[in-house]
Structure formats: structure tokens, C-alpha cells
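Colleague: model this:
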Amino acid sequence: MSLYTTESSIIITCNKRLAPYLEQEVKDLGFKIEEAFVTGVRVNGTLNDCIILNLNLYCASQVLYSLEKFQANNPDEVYNHLLKMEWENILPDPGYFSVTSNVQHPTINNGMFANLRVKDAVVDRLREKRGTRPSTGSELTGAVVHLFWKHENAEIFMDTSGDSLARHGYRKIPGRAPMLEALASATILASQWDKKSPFVNPMCGSGTLAIEAALIASNTRPGLFRDNFAFMHIQGYDKEIYYNEMYKLEDQIAEVPGLRILATDLSELAVNNARKNAIAAGVADMIEFGVCDFADTEVPEGAKGVFFVNPEYGDRLGDIDELEETYARIGDFMKQKCKGYFGYVFTGNLDLAKKIGLKAKRRIEFYTSTIDCRLLEYELYEGTRAVKNTAPESI
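Modeller: Numbers count the residues shown, from 1 in each chain. Sure, this is the predicted structure:
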């Protein structure tokens, strides 16, 4: 029985607060959501479905295929259960595997110990059945076994992704304090952008927002930038199925005539690096790069586009006094130059955000690393409706 054609529960994980955008992505691929939670969704499907999910999703982190659920009250019970599983029919010979885990149990105060017990069980089973010891390690370059264990409930998965899907793989020069690619995608999906009107991205840094916008608009999927996934290292893997899915991804890339994506930064080095990242992503011809102060960025007239900026927060970069002036200038720029647009400011400093001087229509919650952030949406009306707030805004 091949896992590639056997239906089971699939957990698709994501960073906190990305789940609503991941859920919509998964639905758009034709999957039925069985359960949604803070850090992901659950669907039913086969390992072949996991191939599709790994290749297509912008906001996901891992795609986990469930092998078994069981009860365990201590590490020895985990070991004994996994020792009985037919790993010889799951992992290739010879092969290499890694173990990851998410454990909340009173008998475990170090997750590495849980990983060790899982590894010992799999190794002992394979050594008994094959007479040889498989290779193991911490690098996620082969098969990946994942243990979820909370209270007495345990579940063992094959992590079909390996390295996190949240890093899309094209960004070779990250720059200072870069935005995670999956987070950038989620913020764009959360916006009102129609993928056809202008996308204006000053302070572009390493170019992540502009590049993700170009990828989303052209339907270029993140799976095209990777050539190794953990599902390739499970018995029964058929590379032809993978290649067929890759061909589909290439065929569905679309041109968007007339689309303008503008990315600028005051740093010439940042713009050069952003251009190199865009070349690696295959979207450099979709983005107009420029070196200038953000207030000198062109905003195409006669369009209902999006102005999207991710300024420094002051926690990791920037001086607070200077940033207060910068945020005030961002507000002035949106009022004066972006009429008819939707304006978006992504920030982890809500006190600085008050300096923008406009009332946000929406405040969408996100995290970047451990920083509580907001994507602030401003509807920049043409005419006289974009009036400065005289009272301090509560964000």
C-alpha cells in the first residue's frame, strides 16, 4: 500500500496570524478544510496531494502527512509504539532521515530528548528488519519524521516539506531585517490589491514585497524555486508525478499587460540587491526599481492602485525621533500623492503609527518574528475626504 495514494489527515502549518490567508489558498486549490486553527489548517488527502500543496502555497510553513495517532504517557511508550510501525515500508533503503517534534508533556523538558526517542525507535526497527543502520542527522535534506505530543495524545507524521516553505527560496541577499516571504505574501493577500493596478513599494529593502507582488500577480508559485522536498525521500515517490505538477506550474504563469510594480529605496546597495533577488525570482522585468527618497517615488496617476510601505519600527533599526518624522512624512505623502489609492503601512510600532495622522480603515494583525505587528489600511479618497485626524488615533 503506497502512502502516495492512501488518504489520511494532512496538517498544513503556518506562522501565527497567517492562517486565514493560508485557508483561502488551500480552498482555491480545491481542498476541503476539515479544521482551521491558529497556526494552520487540516485537510484530508494523499502524499500526492502533499506534492501539490508543497508546490503551490505562498503562506505555508510545513505540510504534515499523518501516519498514526496513539496514546502515550511517557517517552518509553512513544518509543514502544513507534518500534512496532513498519518503517521499512516508509523510508527508503539506504536512506537518511531527520526527526522534528512539537511536544507539550510533563515528562519532557527538552524537545531534543523526544526527538532522540523517535529516532531510536525508527533506527532500531530498520536495523532489525534490514540489518543495517540508517543515516540520521539534523539537516532536513532527506525524509523527516515529525512527532506531535500533547498531554497523552500523540501523532506521528511524515513532514513532506523539509525546510520551511515560508522561505520561498529565491532571496539570496536578505538585507537588514528582511520580511519573511510567507508573511509578505499574506500581507499582500490581505490587501485590496487587484493584481492589475499599480503596486507602489517605497523603502523596498531587499525587495521582498515587490517580488511577492509580482509572483502573486503572475501566478508564479513558490515551488518553482526549490528542487528538494522531503516527500521525495519517502518510499513510493514517483518523480514523474512531481515533474507533471512542475510543468503545470510553469504553464499557469501569466503575463499581466500594463501592470506596474514600482520599488524604490534610498540605499543604492539595497536596490541593487533587490534587483538581484528579483532576477533570481524571474520577475525582474515586472518591477521598476529606483534609488530615491520615498517621497520622490512615482505614483502612477489615474489608477486605483496600492501604496505599500514597511518602514523601520525602531525595535531593531532606526532612531525613534527620526522615525517619528518619517512616519509623519509617510502620512503626508499618502494624502498628497496617493489619492484614489489604498495605502498600507506594515509596522511593529503602534506609537510610531500614530504619527501618520490618518485614521486607518482596517488594522490587520500579524507577527514578524516575535514582534506584534499591524497592517494598517488607509482608503485615500480623491477630493477632501482624506482629512488629517486632529485627535490621537487609538490603534
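
Colleague: Secondary structure of Ala36: a strand, I assume?
Modeller: Yes. Ala36: assigned to a strand according to DSSP: H, G, I helix; E, B strand; the rest coil.

Colleague: What distance do you get for it to Leu375?
Modeller: Ala36 sits 20 Å away from Leu375, taking Cβ to Cβ, to the nearest Å as the criterion. Every residue, glycine included, has its C-beta placed from N, CA and C.

Colleague: what does Ile261 give?
Modeller: 18 Å.

Colleague: Check Gly169 too.
Modeller: Counting by Cβ to Cβ, the gap from Gly169 to Leu375 is 24 Å.

Colleague: what do you get for His146?
Modeller: 31 Å.

Colleague: just to revisit the earlier point, if you count surrounding residues, which of Gly169 and Leu375 has more?
Modeller: Leu375 (22 against 16; other Cβ atoms under 10 Å).

Colleague: can I assume that one sits in a strand?
Modeller: Yes. Counting by three-state DSSP, Leu375 falls inside a strand.

Colleague: Pretty sure it sits against Phe346.
Modeller: Yes. Using Cβ atoms under 8 Å, Leu375 is in contact with Phe346, at 5.1 Å.

Colleague: which neighbours do those two share?
Modeller: 187, 366 (Cβ atoms under 8 Å, 6 or more residues apart in numbering).

Colleague: give me the element Arg125 is part of.
Modeller: helix 111-130 (DSSP states H and E).

Colleague: which residues touch that helix?
Modeller: 75-76, 78-85, 87-88, 91, 93, 97, 99-101, 103, 105, 108, 132-134, 136, 145, 147, 149, 156.

Colleague: which is the next helix or strand following that helix?
Modeller: That would be, after helix 111-130 and using DSSP H and E, strand 135-136.

Colleague: so how many other residues sit close to Gly236?
Modeller: 16.

Colleague: how close does it sit to Arg130?
Modeller: Relative to Arg130, and taking Cβ to Cβ, Gly236 is found at 17 Å.

Colleague: Now the residue nearest the centre of the chain. Nearest residue, chain neighbours left out?
Modeller: By Cα atoms, centre = their mean, the chain has its centre lying nearest to Ala182, at 2.1 Å. Among residues not flanking Ala182 along the chain, Ala166 sits closest, at 3.7 Å (Cβ to Cβ, 6 or more residues apart in numbering).

Colleague: Who are the contact partners of that neighbour?
Modeller: 14-15, 59-61, 180-183.

Colleague: switch to 7 Å and redo it
Modeller: The neighbours of Ala166, taking Cβ atoms under 7 Å, 6 or more residues apart in numbering as the test, are 15, 61, 180-182.

Colleague: and if you look at Pro311?
Modeller: 203, 326-327, 330, 345, 347.

Colleague: May I have the residues that are in contact with the residue nearest to Gly137 when sequence neighbours are not counted?
Modeller: Nearest residue to Gly137, sequence neighbours excluded (Cβ to Cβ, 6+ apart): Ser98, at 6.1 Å. Neighbouring residues of Ser98 by Cβ under 7 Å, 6+ apart: 136-140, 142, 144.

Colleague: circling back: Throw the contacts of Ala166 into TSV and include secondary structure and distance to Phe307, thanks.
Modeller: TSV is the format used below for these (DSSP: H, G, I helix; E, B strand; the rest coil; distance: Cβ to Cβ, whole Å):
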residue	secondary structure	distance to Phe307
Asn15	coil	25
Ser61	coil	29
Leu180	coil	22
Glu181	helix	21
Ala182	helix	22
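
Colleague: So how do I select the buried members of those residues in PyMOL?
Modeller: A single PyMOL command selects the buried members of the contacts of Ala166 (16 or more other Cβ atoms under 10 Å):
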select buried, resi 15+61+180+181+182
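
Colleague: out of the contacts of Ala166, who's nearest Asn277?
Modeller: Asn277 lies nearest to Glu181 out of the contacts of Ala166, by Cβ to Cβ, at 10.2 Å.

Colleague: does the closest one really touch Leu165, like I thought?
Modeller: No. Proximity of Glu181 to Leu165 does not meet the contact threshold set by Cβ atoms under 7 Å, at 9.2 Å.

Colleague: Counting neighbours, which of the contacts of Ser98 comes out on top?
Modeller: Val144 leads those on contacts (other Cβ under 10 Å) with 25 neighbours.

Colleague: Then that one would be within a strand, right?
Modeller: Yes. Per three-state DSSP, Val144 lies within a strand segment.

Colleague: Next up, the contacts around the closest residue to it other than its chain neighbours.
Modeller: Excluding the flanking residues, the one nearest Val144 by Cβ to Cβ, 6+ apart is Asp159, at 3.8 Å. With contacts defined as Cβ under 7 Å, 6+ apart, Asp159 is in contact with 62, 64, 100, 144, 146, 230.

Colleague: what's the burial count for Glu268?
Modeller: Under the criterion other Cβ under 10 Å, the count of neighbours that Glu268 has is 9.

Colleague: How about the backbone phi and psi for it?
Modeller: With angles defined as degrees, to the nearest 10, Glu268 sits at phi -60, psi -40.

Colleague: ok, now which ones touch the residue nearest to it when sequence neighbours are not counted?
Modeller: Distance criterion Cβ to Cβ, 6+ apart; nearest residue to Glu268, sequence neighbours excluded, is Val291 at 4.9 Å. Applying Cβ under 7 Å, 6+ apart, we find Val291 in contact with 264-265, 268, 271.

Colleague: Just the buried ones out of the residues you listed, please.
Modeller: 264-265, 271.

Colleague: Where do the strands of the stretch 201-350 of the chain begin and end?
Modeller: 261-265, 287-291, 306-309, 342-347 (DSSP state E, counting those that start in this stretch).

Colleague: want to throw those strands into JSON lines with distance to Glu25 and mean pLDDT?
Modeller: Formatted as JSON lines, the strands of the stretch 201-350 of the chain follow (distance: least, Cβ to Cβ, whole Å; pLDDT from 0 to 100):
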{"stretch": "strand 261-265", "distance to Glu25": "21", "mean pLDDT": "98"}
{"stretch": "strand 287-291", "distance to Glu25": "23", "mean pLDDT": "98"}
{"stretch": "strand 306-309", "distance to Glu25": "20", "mean pLDDT": "98"}
{"stretch": "strand 342-347", "distance to Glu25": "20", "mean pLDDT": "98"}
